[in-house]
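# predicted model follows, preceded by the sequence.
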Amino acid sequence: MMATISPALRHQVIKNWTVIAALAGFILWALAVAQAHFFQMGAYGLVTILRWPYFVSLVVLCVALVAEIFRGRSSEVRLTVLMLVLVLILFGTASAVEPVASITESWIHTGFISYVLDHGHVLHGYDARFSWPGGFVLAAMLTTFVGHANSLVFIRWFPLVIEALYLAPVMVIGAHAGVSRRTKWLGVAFFYATDWIYQDYFSPQALDFFFYLVVIASVMALWSPSRRSYVTGQGLIATKFAQVRNAVKLKRITGDQTVAQYQTALIFPLMAMLALIILAIVMSHQLTPYALILALLACLATSRLGRPELLAIAVIFSVGWLSLGASDFWIGHLSVIFGGVGQLTNNIGSGIGSRVVGSTSHLFIVSTRIDFTAVVILMAGIGALRRATDSRALEFLAGAPFVILALQGYGGEGLLRVVLFGLPFTALLAASAIVPTRTGEVRPWIPPTKWLHSFATLRRVVALRPVVVTRRRVVALRPVVATRRRVVALRRVVALRPVVATRRRVVALRPVVATLRPATTLRPVVAGVVLMSMCVLTTIVRGGNDAYESFSTGELNAVNYVYDHATTNQVLGTVTTYLPIGQRDVGTLNIFAVGGSDIPTLAQISTSLLKLRPKFIILSQSQEAWGEVVGGYPKGWEAQLGLTILKKDYQQVATWPTAQVYEAFNKWGPLPA
């Protein structure tokens, strides 16, 4: 069939076969989405309803992406297209399969935005998140701009959109991190393939993380380290000692050991724009400003921040907003802010220990997440030891967020967000474990391994020690050193069109077709296997909570029924908060959930609900799944709870296949409002 194709078309097919493979992967993914049935989801979450086309699409895409990365003449456009398809598969599947948006906080944030739209201000004293209203106000402006009455239109596909927005700043970070082009793209792929943390739901912190990446990417693009005088032929230990001594000099703190990549006339307007972005970060989330301060400190310590004024601006804005703008929160809650200072063990325990509970399926998901993250960090450590570089900025940026754990007890999600803040840099270091950079003033701790090579395109070959030349053939080139890429241990080089040879030198070999040793293919194979494994693991653990964190239309209808029939200050009782609730009537409906940080027994659930006697009670599929997966309750526990409720002066007023609404009535007169 290829014989009937014109040479030009054949050339285009061969040139762009990776994009064609990505198209095939997209078609397989669409087939997998069509075959997935939301109501068949099991205890292990999203992965239980994904069929073989999904995993084949991942394999096809990973093979195409790695092949393009290690190609002799890879294309930025093709790589970007492949990366966007990977983002779609990893972060768009849940949005495509689940009937409504998941994560209760997404719906709560929608309610906050609606309140701002309706009243023009935040509701003071209602929720701590209203003390950082920047993200809600920005979303309210966007909602008004697009002409919608509320922000519900955004929440279902928000994770996919925000993850796609992360691509540009992460690419800039990779381009200016002192790693090779292949390491950059492999690191970007690893970033997405390990982002199981699910902090990209509709929330201010997801937007703030984008701003965080933009600021760090801008800093790394604007300044680079200057050449250091300690680079000599001295030994490894002496060189390392000189580097440490150089790092504590005053010039490092003042930014004098950096080189600006742009003219001063351009840097100052950019700094003004970065200051506005930092202000938006400070006004929108509690934790991100301090992660940014630590990241800017890391850049300053590694000669990647030439203007320490930017760090000062971040500190002033953060402390100023906490003192003045967030005063509604911290007045009377200083122990919440400073109570975790120095309690590193307790803060880590609240992030890990509190999650290792529940059924076998939940324990498997949680333990896999912990092990997966540990392996990625271990790979990053190996990459840090293997790579040569001009600056250890990646290492400092990957480790800086963990200081937060020793300073603030943010709660269970604190550890997740700390890992997320360092993930772009950790991913680039993990990629360096496979494709380490070999040039730079800072030498690697682990010497190069000669048996691990990558494909390369030769345009000039020098220093061939024995050379045997014929008219059309050059053989026995061992070793070969190329100026464009380093290539070693070529067994045979053929088809050298112009060949100019001397006794010790062969020049102008273009093109070169080489038969390589099998070890030459090892690096892309390792990268491909690691990437595919990461993608599969992220699919499993990212959607591991979807059995109770994703919702059905019946559950949404049940919540809307209560909103339509409840009056001001009436109480809605639930077992947990895993419902699509909070998007309406902020401050008018009181919501009481029995299950919180502590998991109650079945007896405690019924006792607490009936003792409070709320006007409405909702029992739903997501709450039942939570009880079975996290609480370890037996199957059918919610049906038994429903029978108990009906015996205690409640009646079922609305029902759907996945939700039931119960309303209290009083035989001896009306209930109080």
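All right, it came through fine.
# flag every buried residue along stretch 9-29.
Residues 16, 18, 19, 21, 22, 25, 26, 28, 29 are the ones in stretch 9-29 that count as buried (16 or more other CB atoms under 10 Å). Heads up, the C-betas are built off the backbone N, CA and C, glycines and all.
# how about stretch 47-58?
Applying a neighbour-count criterion of 16+ other CB under 10 Å, one finds 47, 48, 49, 50, 53, 54, 55, 56, 57, 58 buried in stretch 47-58.
# inside helices: which ones of those residues?
53, 54, 55, 56, 57, 58 (DSSP state H).
# and these as JSON lines, adding distance to residue 151?
Rendered in JSON lines, the data for these read as follows (distance: CB to CB, whole Å):
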{"residue": "53", "distance to residue 151": "33"}
{"residue": "54", "distance to residue 151": "30"}
{"residue": "55", "distance to residue 151": "34"}
{"residue": "56", "distance to residue 151": "36"}
{"residue": "57", "distance to residue 151": "31"}
{"residue": "58", "distance to residue 151": "32"}
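# in a markdown table, list these along with distance to residue 447 and pLDDT.
As requested, those are exported to a markdown table (distance: CB to CB, whole Å; pLDDT from 0 to 100):
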| residue | distance to residue 447 | pLDDT |
| --- | --- | --- |
| 53 | 44 | 95 |
| 54 | 41 | 96 |
| 55 | 38 | 96 |
| 56 | 39 | 96 |
| 57 | 39 | 96 |
| 58 | 35 | 96 |
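# what pLDDT does residue 485 get?
Looking at residue 485, its pLDDT stands at 40.
# please read the previous query as pertaining to residue 500.
pLDDT, residue 500: 51.
# helix or strand: which one has the residue nearest in space to the middle of the chain?
Among the residues of the chain, residue 195 comes closest to the average C-alpha position under CA atoms, centre = their mean, at 3.7 Å. Under the assignment given by DSSP states H and E, residue 195 is not contained in any helix or strand.
# ok, residue 199 next?
In the assignment (DSSP H and E), residue 199 maps to no helix and no strand.
# which residue, neighbours along the chain excluded, lies closest to it?
Counting by CB to CB, 6 or more residues apart in numbering, the nearest residue to residue 199 once its immediate chain neighbours are dropped is residue 420, at 5.4 Å.
# again with residue 640
Leaving aside its sequence neighbours, residue 640 is closest to residue 602 (7.9 Å, by CB to CB, 6+ apart).
# for that neighbour, what are phi and psi?
Dihedral angles of residue 602 (phi, psi; degrees, to the nearest 10) stand at phi -60, psi -40.
# ok, now which ones touch it?
Each residue near residue 602 by CB atoms under 8 Å, 6 or more residues apart in numbering is listed here: 633, 637, 640, 641.
# out of the residues you listed, which one sits closest to residue 311?
Nearest to residue 311 among the contacts of residue 602 is residue 633, at 50.2 Å by CB to CB.
# let's verify the residue lying closest to the closest one once chain neighbours are set aside: helix, strand, or coil?
Excluding its sequence neighbours, the residue lying closest to residue 633 (CB to CB, 6+ apart) is residue 627, at 4.0 Å. Reduced to three states with DSSP: H, G, I helix; E, B strand; the rest coil, the structure at residue 627 is helix.
# pull the number of nearby residues for residue 627.
Residue 627 is surrounded by 27 other residues when neighbours are defined as other CB atoms under 10 Å.
# that one contacts residue 639, correct?
No: under the criterion of CB atoms under 8 Å, residue 627 is not in contact with residue 639, lying 11.3 Å apart.
# quick check: closest non-adjacent residue to residue 44.
In space, residue 44 is closest to residue 361, 5.2 Å off (CB to CB, 6+ apart).
# and residue 645, how far is that from residue 663?
When CB to CB, to the nearest Å is applied, the distance between residue 645 and residue 663 equals 10 Å.
# okay, these two: which has more neighbours?
A count of neighbours by other CB under 10 Å puts residue 645 above the other of residue 645 and residue 663, at 21 against 18.
# let me have the buried residues of stretch 47-58 in CSV, extended by distance to residue 598.
What follows is those, written out as CSV (distance: CB to CB, whole Å):
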residue, distance to residue 598
47, 29
48, 28
49, 31
50, 33
53, 42
54, 37
55, 38
56, 43
57, 41
58, 38
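# so residue 583, which state does it fall into?
coil.
# wait, the residue nearest to residue 199 touches residue 194, no?
No: between residue 420 and residue 194 no contact is recorded; they are 10.2 Å apart, counting by CB under 8 Å.
# for residue 54, see how far away residue 584 is.
On the measure of CB to CB, residue 584 and residue 54 end up 35 Å apart.
# could you do residue 309 as well?
Distance, residue 309 to residue 54, using CB to CB: 49 Å.
# which strands or helices does the lengthiest helix in the chain pack on?
Among all segments of the chain classified by DSSP H, the helix with the greatest residue count is helix 360-386. Under the contact definition 3 or more CB pairs under 8 Å, 6 or more residues apart in numbering; DSSP states H and E, helix 360-386 sits against helix 393-399, helix 414-432, helix 522-542.
# now do that helix against helix 414-432, angle only.
50 degrees (axes from the mean of the first three to the mean of the last three CA atoms, to 10 degrees).
# off-centre distance for helix 360-386?
Centroid separation for helix 360-386 versus its chain: 14 Å, with CA atoms, centre = their mean, to the nearest Å.
# likewise for stretch 146-153?
On the basis of CA atoms, centre = their mean, stretch 146-153 sits 26 Å off its chain's mean C-alpha point.
# then stretch 641-653?
Offset of stretch 641-653 from its chain centre (CA atoms, centre = their mean): 43 Å.
# residues of that stretch that come out buried?
In stretch 641-653, the ones that count as buried by 16+ other CB under 10 Å are 641, 642, 644, 645, 650.
# please tabulate these in TSV, including the columns distance to residue 95 and secondary structure.
Listed next are the buried residues of stretch 641-653 as TSV, based on distance: CB to CB, whole Å; DSSP: H, G, I helix; E, B strand; the rest coil:
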residue	distance to residue 95	secondary structure
641	31	helix
642	31	helix
644	37	helix
645	34	helix
650	36	strand
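# how about the helices in the stretch 551-673 of the chain?
Secondary structure of the stretch 551-673 of the chain, counting by DSSP state H, counting those that start in this stretch: helices at 553-565, 602-612, 621-629, 637-646.
# ok, of these, where does mean pLDDT dip lowest?
If the helices of the stretch 551-673 of the chain are sorted by mean pLDDT, helix 602-612 sits at the bottom with a mean of 88.
# next, the angle from that one to helix 621-629.
With the same axes, to 10 degrees defining the directions, helix 602-612 sits at 140 degrees from helix 621-629.
# pull out the buried residues from helix 602-612.
602, 605, 606, 608, 609, 610.
# grab the nearest non-local neighbour of residue 82.
In space, and not counting its chain neighbours, residue 82 is closest to residue 65: 4.6 Å by CB to CB, 6+ apart.
# the one you found: neighbour count?
Residue neighbour count, defined by other CB under 10 Å, stands at 30 for residue 65.
# tell me which residues touch it, please.
Going by CB under 8 Å, 6+ apart, residue 65 touches 18, 79, 82, 83, 86, 189, 531.
# shouldn't the fourth one be in contact with residue 188?
Yes: Residue 83 is in contact with residue 188 according to CB under 8 Å; the separation is 6.3 Å.
# ok, those two, which is more surrounded?
Residue environment comparison for residue 83 versus residue 188 gives the larger neighbour count to residue 188, 27 against 23, counting by other CB under 10 Å.
# tell me the secondary structure of residue 224, please.
Reduced to three states with three-state DSSP, the structure at residue 224 is strand.
# setting aside sequence neighbours, what's the nearest residue to residue 563?
Closest to residue 563 by CB to CB, 6+ apart is residue 584, at 4.8 Å.
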